[in-house]
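Undergrad: mind looking at a prediction? Sequence and model below.
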Amino acid sequence: MSDRKEFLAWVESRLRDAEIALHNGDASPRRAIWSRSDPVSVLGAWQSATGQQELHDLFSRLAESFSDCTSYSFDLIAADVVGDMAYTVGYEHTQASVNGEPRTYSLRATQIYRREEGTWRVAHRHADTVPDVEES
């Protein structure tokens, strides 16, 4: 299997599963797929963080706010692997409760990954709301 195909299989399994778990209130799977080495960063649609401690705190806050994920999908637009670095660009579509209120929203998401000890890890995430799409 090529590096790209192996990476995309990881995105479609472990990464997707971690996002669903987070939207159900469990940050552990997301923490497990993030890099343990700095620099790490999130420029999020709702909150941002840099460094390990801020990242840990951010994931805890997000998990506390999310529950009842009924749908999550990732429409991949572009991805590539170059050595031990990779990226994805796409649209995330989520239906979950945020602070107890059911929500449906879409985000544009770009992530950068590092291969560390043979395992893909997220090193950076940038996400924002999709313009001209009404949130509910």
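TA: Yep, that arrived.
Undergrad: so for the chain, the centremost residue is which one?
TA: Geometric centre of the chain, nearest residue: Glu19, 5.8 Å, by CA atoms, centre = their mean.
Undergrad: my hunch is that that residue is in a strand, does that hold up?
TA: No. Secondary structure of Glu19 (DSSP: H, G, I helix; E, B strand; the rest coil): helix, not part of a strand.
Undergrad: which one is it nearest to, not counting chain neighbours?
TA: Tyr72 (5.7 Å; CB to CB, 6 or more residues apart in numbering). Every residue, glycine included, has its C-beta placed from N, CA and C.
Undergrad: how about the secondary structure of that neighbour?
TA: The three-state label given to Tyr72 by three-state DSSP is strand.
Undergrad: next, the buried residues of the longest helix that the chain contains.
TA: Of all the segments of type helix in the chain, defined by DSSP state H, the longest one is helix 51-65. Buried residues in helix 51-65, defined by neighbour count with 16 or more other CB atoms under 10 Å: Leu55, Leu58, Phe59, Leu62, Ala63, Ser65.
Undergrad: before we move on, back to that, shouldn't the residue nearest to the centre of the chain be in contact with Asp26?
TA: No. Applying CB atoms under 8 Å as the test, Glu19 and Asp26 come out as separate, 10.9 Å apart.
Undergrad: now Gly90: which helix or strand?
TA: Secondary structure assignment for Gly90, by DSSP states H and E: strand 85-98.
Undergrad: the helix or strand that that strand is followed by pairs with which strands, parallel or anti?
TA: Where DSSP H and E defines the elements, the next helix or strand beyond strand 85-98 is strand 101-116. Sheet partners assigned to strand 101-116 using DSSP bridges are listed as strand 85-98 (antiparallel), strand 119-129 (antiparallel).
Undergrad: quick one: average confidence on stretch 12-19?
TA: Mean pLDDT, stretch 12-19: 98.
Undergrad: which residues sit against that stretch?
TA: Stretch 12-19 is contacted by residues Pro29, Arg30, Ala32, Ile33, Tyr72, Phe74, Glu92, Trp120, Val122 when judged by CB atoms under 8 Å, 6 or more residues apart in numbering.
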